[in-house]
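Enquirer: Compute the structure for the input listed below.
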Amino acid sequence: MGATGHLGSRLVPALLAHGHQVAVLVRDGTQATRFPTNVVVHVGDATDRRAVRAALAGNDLVYFLVHSLDRPDFAGVDHDAATVLAAAAADAAVRQVVYVGGPRPGSPGLSAHLASRADVGDVVAASPVPALVLQASMIIGAGSASFELLRASARLTPWVPVPSWMHNTSRPVAVADVVHLLVAAAGLPEPVGGVFDVPGPERLSYLDLVQRCARVLRLPVRLPLPAPLWSHRLAARVAGLVTPVSTAVAESLLASLDHDLAPDGPPVTDVLPAPPGGFTSIDNAIRAATTQESGPTGGEVFTEERTVLTEAAPEDVWRTVNALGGEEGWHTVPLVWTVRGAVDHLLGGIGLYRGRAPEVGEGDVVDFWTVVHRDDEARQLVLRADMKMPGHTLLDMRVDREGDRTRYRQKITFTADGLLGQLYWVVQKPLHDIVFATMARGIVRKAAAR
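Expert: Next comes the predicted model:
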């Protein structure tokens, strides 16, 4: 149920790909053409007892992904739908119900949206059929109302109003990870009941999320403006004008930001396997939900390589390389990147972002770079520069053994965009040599100090 929504539309093909037989209930019969011919389509409303019983007949597991937030009476409608589902699941001898809801913050005065999500979870959990209730804060994926609001906040203007509720935190999760968990639930050997949190990899404030979204989109840092009078209603009206999200839906979602939404209950990984490789980083989740940037398409290529030998252990040098950026810095000429970032910001680029995730992988952002490749076994990290320049720059760092010493290798590859790019390389080369030579020596010096 809810097969045409943000989650359901992704879940159906994933279940089919894993060899499961799928039946769906849709309110509009014209939606039947959206599904492959091997999907059984039932037409009816989620509050229609007869239609729900017919849809559940002969099925082993039911996903309840219904959310009527676009209706003014959504709380009552969703409560009725959950009540109908709970009774129909018991009558049809369904062995497992899976529901995706929202977090339950401990603070009083829940928003209507969060209160409704909690109510539906309680109704489903009270059914005789074991119900696996998954609680997630923001699910990052294209088409999600909450993510579309975030993307608009990052892209709309160079500044962002910051009322107090923008500082409350959550742990967003990639839609691909939630779909993975839902598919995994279909493979449980025994039914599972209980309420479990779906925690994303990082705890971030909404303001942090806006800035993270901006930098993944390669936009300048958004300038925060204190705005104590910036209400949910005012923000929702703006969102209704500039996003596909209606004013009513936006206001309900934004009102939920009055609470810290970071989950602190039992994690879902207590009962379901985590995605292969772990949960998707916030940067990669945002990148997957937005348009990919194109890479270099040709031009003269300039390379520069330097090597530094050190007595430090390879593990210490590699650890130092992986910690570059953020609070750790770049171990080079003081303030040089700050000045370069300020110039880039004035030119309309991303500027100098002082931030990074605790652990980074391919696609993650490290200050003004993006991780292109990371290989812990080969001890190789490749970064792509995101600043404005007439070309494309890659920084390739490798750590290996040379006899009884450790060798740190650092290679810069610059692909010029025409004559302007070639001139840029020549003009900046003297300072470039100083900055990156100092950086190479600084990295091994830091590693030796460990």
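
Enquirer: what about Cys302, helix or strand, and which?
Expert: No, residue 302 isn't Cys; it's Phe. strand 301-310 (DSSP states H and E).

Enquirer: Past that strand, which element shows up next along the chain?
Expert: helix 314-322.

Enquirer: buried stuff in that following helix?
Expert: Pro314, Asp316, Val317, Trp318, Arg319, Thr320, Val321, Asn322 (16 or more other CB atoms under 10 Å). C-beta here means a position set from N, CA and C on the backbone, and glycine is covered the same way.

Enquirer: same question, stretch 260-278
Expert: Asp260, Leu261, Ala262, Pro263, Val268, Thr269, Val271, Leu272, Pro275.

Enquirer: In JSON lines: those residues, plus pLDDT.
Expert: JSON lines is the format used below for these (pLDDT from 0 to 100):
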{"residue": "Asp260", "pLDDT": "82"}
{"residue": "Leu261", "pLDDT": "83"}
{"residue": "Ala262", "pLDDT": "77"}
{"residue": "Pro263", "pLDDT": "76"}
{"residue": "Val268", "pLDDT": "91"}
{"residue": "Thr269", "pLDDT": "91"}
{"residue": "Val271", "pLDDT": "90"}
{"residue": "Leu272", "pLDDT": "92"}
{"residue": "Pro275", "pLDDT": "92"}
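
Enquirer: Which of these sits closest to Leu204?
Expert: Ala262 (8.8 Å; CB to CB).

Enquirer: quick one on the thing from earlier: looking at the buried residues of helix 314-322, which one is closest to Trp159?
Expert: Using CB to CB, the buried residues of helix 314-322 come closest to Trp159 at Asn322, 33.3 Å.

Enquirer: residues in contact with that closest one?
Expert: Taking CB atoms under 8 Å, 6 or more residues apart in numbering, we find Asn322 in contact with Val360, Arg374, Leu381.

Enquirer: Just the ones in strands from the residues you listed, please.
Expert: When the contacts of Asn322 are checked against strands (DSSP state E), the matches are Arg374, Leu381.

Enquirer: Write the ChimeraX selection for whichever of the contacts of Asn322 are buried.
Expert: Remark: buried members of the contacts of Asn322, expressed as a ChimeraX selection using 16+ other CB under 10 Å:
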select :360,374,381
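
Enquirer: Now Trp369: phi and psi?
Expert: phi -120, psi 160 (degrees, to the nearest 10).

Enquirer: ok, now which ones touch it?
Expert: Contacts of Trp369 by CB under 8 Å, 6+ apart are Gly325, Leu383, Arg384, Ala385, Asp386, Leu395.

Enquirer: Give me the three-state assignment for the last one.
Expert: The three-state label for Leu395, taken from DSSP: H, G, I helix; E, B strand; the rest coil, comes out as strand.

Enquirer: Quick one: mean pLDDT for the helix or strand harbouring Tyr63?
Expert: Tyr63 belongs to strand 61-64 when assigned by DSSP H and E. For strand 61-64, mean pLDDT is 91.

Enquirer: which strands and helices sit next to it?
Expert: Other helices and strands packing on strand 61-64, by 3 or more CB pairs under 8 Å, 6 or more residues apart in numbering; DSSP states H and E, are helix 74-91, strand 96-101.

Enquirer: closest to Gly403 out of those?
Expert: Of all the helices and strands packed on strand 61-64, strand 96-101 comes closest under CB to CB, at 55.7 Å.

Enquirer: helix or strand right after that closest one?
Expert: helix 112-125.

Enquirer: what two of the contacts of Trp369 are the furthest from one another?
Expert: Gly325 and Arg384 (13.3 Å).

Enquirer: When the two are compared, which one has more neighbours?
Expert: Comparing Gly325 with Arg384 by other CB atoms under 10 Å, the one with more neighbours is Gly325, at 21 against 17.

Enquirer: beta partners for the more buried one?
Expert: Taking DSSP bridges, one obtains Gly329 as the residues bridged to Gly325.

Enquirer: Val100 versus Asp80, what's the distance?
Expert: 18 Å (CB to CB, to the nearest Å).

Enquirer: what's the spacing between Leu65 and Leu25?
Expert: Applying CB to CB to Leu65 and Leu25 gives a distance of 11 Å.

Enquirer: which is the next helix or strand following the helix or strand of the chain with the lowest mean pLDDT?
Expert: When each helix and strand of the chain is scored by mean pLDDT, DSSP states H and E, helix 232-242 comes last, with a mean of 81. Next in sequence after helix 232-242, counting helices and strands by DSSP H and E, comes helix 247-255.

Enquirer: Contact partners for Pro314?
Expert: Arg379, Val399, Asp400, Arg401, Thr406 are the contacts of Pro314 under CB under 8 Å, 6+ apart.

Enquirer: Closest one of those to Leu56?
Expert: For those, the nearest to Leu56 is Arg379 (53.3 Å; CB to CB).

Enquirer: Thanks again, I'm all set now.
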